[in-house]
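Participant: predicted model follows, preceded by the sequence.
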Amino acid sequence: MALAPLSDRILIRQDEAEETTAGGLYIASDSQEKPQSGVVVAVGPGKYDKNGNIIPMPVEVGDHVVFAKYGATEVEVDGETLMLMRAEDMYAKYTD
């Protein structure tokens with residue numbers, strides 16, 4: 001199934017949770033906090049302003065982003081859980 005975000009929506013593959021602490025201790029899977037970062041896998045066309053002009057999206061496929069903790073909706077696509085959110089719920093993009 002192909003999922004194409006509409007308007008100013010973005011589909012993100014969330015980064016994996018850390019399995020060990022900085023000191024090398026293992027963290028139980030139910031105690032691992034999901035990171036608020038990931039990679040953009042799909043981008044909507046953008047939303048329209050009041051004059052009918054499209055506002056360009058601030059990210060593109062492949063960008064690494066940081067997003068709001070509760071700003072996303074989890075969706076299942078081909079057996080994988082992805083995050084769907086509005087562009088305004090992202091805080092930053094970064095490079096590795």
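Facilitator: The structure has been received and is ready for your questions. Residues are numbered from 1 along each chain as shown.
Participant: make it CA atoms for all contacts and neighbour counts henceforth
Facilitator: OK.
Participant: next, the most centrally placed residue in the chain: phi, psi?
Facilitator: Nearest residue to the geometric centre of the chain (C-alpha atoms, centre = their mean): residue 12, 3.2 Å. Phi and psi for residue 12, reported as degrees, to the nearest 10, are phi -130, psi 140.
Participant: and the pLDDT for it?
Facilitator: Per-residue pLDDT puts residue 12 at 94.
Participant: tell me who's in contact with the closest residue to it other than its chain neighbours.
Facilitator: Of all residues not flanking residue 12 in the chain, residue 40 sits nearest, at 4.5 Å (C-alpha to C-alpha, 6 or more residues apart in numbering). By C-alpha atoms under 8 Å, 6 or more residues apart in numbering, residue 40 lies in contact with 10-13, 59-65.
Participant: in the chain, where is pLDDT below threshold?
Facilitator: Across the chain, the ranges flagged by pLDDT under 70 are 1, 17-33.
Participant: mind checking how far residue 90 is from residue 83?
Facilitator: Applying C-alpha to C-alpha, to the nearest Å, the value for residue 90 to residue 83 is 12 Å.
Participant: before we move on, back to that, contacting residues for the residue nearest to the centre of the chain?
Facilitator: Applying C-alpha under 8 Å, 6+ apart, we find residue 12 in contact with 38-42, 82-84.
Participant: could you dump stretch 56-68 to CSV, C-alpha only?
Facilitator: C-alpha atoms of stretch 56-68 as CSV (Å, rounded to 0.1, in the frame of the first residue of the first chain):
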residue,chain,number,x,y,z
PRO,A,56,6.1,25.2,0.1
MET,A,57,7.0,22.4,2.6
PRO,A,58,9.9,23.0,4.9
VAL,A,59,11.3,19.4,4.5
GLU,A,60,11.7,16.8,1.8
VAL,A,61,12.0,13.0,1.7
GLY,A,62,15.2,11.9,3.4
ASP,A,63,15.5,14.8,5.9
HIS,A,64,16.1,14.0,9.5
VAL,A,65,13.7,15.9,11.8
VAL,A,66,12.9,16.5,15.5
PHE,A,67,9.1,16.6,16.2
ALA,A,68,6.7,17.3,19.1
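Participant: got the buried residues for it?
Facilitator: Within stretch 56-68, the residues that qualify as buried are 57, 59, 63-67, counting by 16 or more other C-alpha atoms under 10 Å.
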